[in-house]
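Engineer: Sequence first, predicted model second:
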Amino acid sequence: MANTRFFLDTRNAKPGAPCVLKIAIAQKKKTAYISLDAKLVPNDQWDCSKEKIINHPDKQVLNTYINRVKSQVDSLIIRWTNEGVINTLSASEIKDRCMEELDPDRKKAKEDKTTFFYRFNKYAERMKPGSRRTFDHTLNRLTAFIGETALKKLKFEDMTVDWLTSFDIFMAKTAPSKNSRNIHFRNIRTVFNDAIEDNVTSFYPFRRFKIKGEVTAKRDLSVEELRRLVYFDCEDCAVKYRDYFMLMFYLMGINNIDLCHLKEITKGRLEFHRTKTHHFFSMKIEPEAMALIEKYKGENWLLDILDHWSSDEFFRKKMNKHLQKIGPVTRSGLGGKKTYAPLFPKLTTYYARHSWASIASSLDIPIETISAGLGHEYGNRITAIYINYDNRKVDIANRKVIDWVLYGKIDGKVVINPGTPEFFGLKEKEAVELGLVKPKEKKRGRPKKVSTPKKTT
């Protein structure tokens, strides 16, 4: 049977500050709390052993109030126990029922579980923080479109093709990119599919409202461009960010959030579940990657990112900012104002993943191996569940990619010599100007011998 007690919530309070008194409802090893209209200073105004308010100017009124509410809650629990339903309820559900009984207005305004708003929030609660952010953004766009009150009453059947089209026109005013708007429509469609599966609705406008994307520019560097980035003598403040970009590349385009939350190395491999897809990775650490991991070793994590930056998202933005400045720098004026000539002004962390895949493809590595390296499904989804893809193929592929990029090697043979203009895909003058190769020294020829005419007698 569920039981109750008073609980002074000091968990997030500052020392000496008043805390909210609550009724704790325990059921099936879980606890839910009902907040009371009473704030008390721990020890000074609340006697924990006697569960009684003391040394408070309104202690008599407050004691009467809290005991009355607790008595009502206990009576409800006894009633539901006698009705045989208490064991089917969780602590949270008991709390909700008590709140509805104690506050009739709350009961009348009970949320309609068939609305799009209710189903949207319930689905979002099951998501990981990274994916949840996109759902929150979608909710903000919907609220801006029809208002909070109308959104809470919105039925699935109200969201017709015309309604979705109007929403698209509304978003286009501030988001011209069709692909960015499609993210919101995919989120909406996901909630529709979930509601249909639970028999909440059979209405489905996406049979006629198609989510068509636009072709976007590829976000990858060619092998020559990547070599320029690796070997360019960048500013000291950018070295760390360039190193982390290359570490992402050496780890087959690992996602920023996964990189930040790596914990440990197991027998020379990184083993983790990708945050976005929950796909399990077992990734061999090549020597180039290990050197950077040791260089930037963290205290609480494998790497020091979250030791210095407040979040993975803040680090990603900071990193992109520095990556987009890497290139020749000139100073001018009395203050020595810097002027940048970026090598790749649109460079972001995403380029590491796209570049690895493109370079692997250029080396004729099979698409299924590339897909396994990226954590994508290839071929039949059901069949893929039963196939434990050979990690050795992915390890070999990654080694081939790194050898080609850094050393100009294919299958162990040097195809193009590092440190030459051809290695960077540049003319000699361009490579010299970027400091990637040294200028050739001018040959000094020996002075020609001057022949002296023979003396004649």
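Structural biologist: Thanks, I have it.
Engineer: pretty sure K440 is in a strand, no?
Structural biologist: No. K440: not assigned to a strand; according to DSSP: H, G, I helix; E, B strand; the rest coil it is coil.
Engineer: what about M252, is that helix, strand or coil?
Structural biologist: Judged by three-state DSSP, the three-state class of M252 is coil.
Engineer: so it sits right up against I359, yeah?
Structural biologist: No. Using Cβ atoms under 8 Å, M252 is not in contact with I359, being 10.8 Å away. Using the backbone N, CA and C atoms, a C-beta is placed for each residue, glycine as well.
Engineer: Which one of the two is surrounded by more residues?
Structural biologist: Taking neighbours as other Cβ atoms under 10 Å, M252 and I359 compare with M252 leading, 26 against 22.
Engineer: Chain neighbours aside, what residue packs nearest to the more buried one?
Structural biologist: Counting by Cβ to Cβ, 6 or more residues apart in numbering, M252 lies nearest to G373, which is 4.5 Å off, once chain neighbours are set aside.
Engineer: how much space between the one you found and I53?
Structural biologist: 63 Å (Cβ to Cβ, to the nearest Å).
Engineer: what do you get for W163?
Structural biologist: Counting by Cβ to Cβ, the separation of W163 from I53 is 53 Å.
Engineer: and these two? which has more neighbours close in?
Structural biologist: Neighbours per residue (other Cβ under 10 Å) separate W163 from I53, with I53 holding more: 24 against 16.
Engineer: State the pLDDT value of that one.
Structural biologist: On the pLDDT scale, I53 is placed at 92.
Engineer: Look up how far T64 lies from it.
Structural biologist: On the measure of Cβ to Cβ, I53 and T64 end up 10 Å apart.
Engineer: Where does the prediction get shaky in this structure?
Structural biologist: Residue ranges of the chain with pLDDT under 70: 1, 104-111, 130, 214-218, 377-390, 442-457.
Engineer: Domain ranges for it, per the record?
Structural biologist: 3-108, 116-207, 223-433 (automatic domain parsing).
Engineer: Which of these sits closest to K440?
Structural biologist: K440 sits nearest to domain 223-433 of all these, at 7.8 Å, using Cβ to Cβ.
Engineer: Straight-line length of that closest one, end to end?
Structural biologist: End-to-end distance for domain 223-433, by Cα to Cα, to the nearest Å: 20 Å.
Engineer: And the strands in the stretch 1-150 of the chain?
Structural biologist: Ranges of strands in the stretch 1-150 of the chain, per DSSP state E, counting those that start in this stretch, are 3-9, 19-27, 30-40, 46-47, 52-53.
Engineer: Using TSV, lay out these together with distance to L142.
Structural biologist: TSV is the format used below for the strands of the stretch 1-150 of the chain (distance: least, Cβ to Cβ, whole Å):
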stretch	distance to L142
strand 3-9	34
strand 19-27	33
strand 30-40	30
strand 46-47	44
strand 52-53	45
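Engineer: Buried ones in stretch 281-291, by neighbour count?
Structural biologist: For stretch 281-291, the neighbour count (16 or more other Cβ atoms under 10 Å) marks F281, M283, K284, I285, E286, E288, A289 as buried.
Engineer: do the same with stretch 25-37
Structural biologist: Buried residues in stretch 25-37, defined by neighbour count with 16+ other Cβ under 10 Å: I25, Q27, A32, I34, L36.
Engineer: And the third one, how far from F7?
Structural biologist: Taken as Cβ to Cβ, the spacing of A32 relative to F7 amounts to 11 Å.
Engineer: Spit out the residues that contact these two alike.
Structural biologist: Taking Cβ atoms under 8 Å, 6 or more residues apart in numbering as the criterion, A32 and F7 both touch A24.
Engineer: Among the domains of the chain, which comes closest to P439?
Structural biologist: domain 223-433 (5.0 Å).
Engineer: Distance from the chain centre to the closest one, please.
Structural biologist: In this view, domain 223-433 has its centroid 17 Å away from the chain centroid, taken as Cα atoms, centre = their mean, to the nearest Å.
Engineer: Kindly report the same for stretch 428-447.
Structural biologist: The chain centroid and the centroid of stretch 428-447 are separated by 46 Å, computed with Cα atoms, centre = their mean.
Engineer: List the buried residues in that stretch.
Structural biologist: Neighbour counts over stretch 428-447 (16+ other Cβ under 10 Å) mark A431, L434, L436, V437 as buried.
Engineer: Same check on stretch 96-106?
Structural biologist: By neighbour count with 16+ other Cβ under 10 Å, stretch 96-106 contains the buried residues D96, R97, C98, E100.
Engineer: And for stretch 149-157?
Structural biologist: Within stretch 149-157, the residues that count as buried by 16+ other Cβ under 10 Å are L151, L154, F156.
Engineer: and if you look at stretch 180-196?
Structural biologist: Within stretch 180-196, the residues scored as buried using 16+ other Cβ under 10 Å are R181, N182, I183, H184, F185, N187, I188, R189, T190, V191, F192, A195.
Engineer: ok, and what's touching it?
Structural biologist: The contact list for stretch 180-196, computed with Cβ under 8 Å, 6+ apart, reads 116, 119-120, 123, 134-135, 137-138, 141-142, 156, 159, 164, 168, 171-172, 175, 201-206, 209, 211-213.
Engineer: Whichever of those end up buried, select them in PyMOL.
Structural biologist: Buried subset of these, written as a PyMOL selection, criterion 16+ other Cβ under 10 Å:
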select buried, resi 116+119+120+123+135+138+141+142+156+159+164+168+171+201+205+206+209+211
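Engineer: before we move on, the earlier item: and the buried residues of stretch 428-447, which two are the farthest apart?
Structural biologist: The distance between the two most remote of the buried residues of stretch 428-447 (Cβ to Cβ) is 8.5 Å, for L434 and V437.
Engineer: Name the helix or strand for the nearest residue to K409 once chain neighbours are set aside, please.
Structural biologist: Distances taken as Cβ to Cβ, 6+ apart put D403 closest to K409, at 4.2 Å, once the chain neighbours are dropped. Under the criterion of DSSP states H and E, D403 resides in helix 391-407.
Engineer: which other residues reach that helix?
Structural biologist: With Cβ under 8 Å, 6+ apart, helix 391-407 has contacts from 223, 226-227, 230, 249-250, 252, 282-284, 286, 288, 356, 359-360, 363, 365, 369-370, 372-373, 409-412, 414-415, 418.
Engineer: Can you list which of those residues are found in strands?
Structural biologist: S282, M283, K284, K409, I410, V414 (DSSP state E).
Engineer: hang on, isn't the fourth one packed against V415?
Structural biologist: Spelled out, that is K409. Yes. Counting by Cβ under 8 Å, K409 touches V415, with 6.8 Å between them.
Engineer: Looking at the two, which is more packed in?
Structural biologist: K409 (17 against 11).
Engineer: Report the separation between the nearest residue to A289 once chain neighbours are set aside and A341.
Structural biologist: What sits nearest to A289 in space, not counting adjacent residues and going by Cβ to Cβ, 6+ apart, is Y250, at 3.9 Å. Distance from Y250 to A341, counting by Cβ to Cβ: 27 Å.
Engineer: For these two, indicate the residue with more neighbours.
Structural biologist: Neighbour comparison, Y250 and A341: the larger count goes to Y250, with 26 against 11 (by other Cβ under 10 Å).
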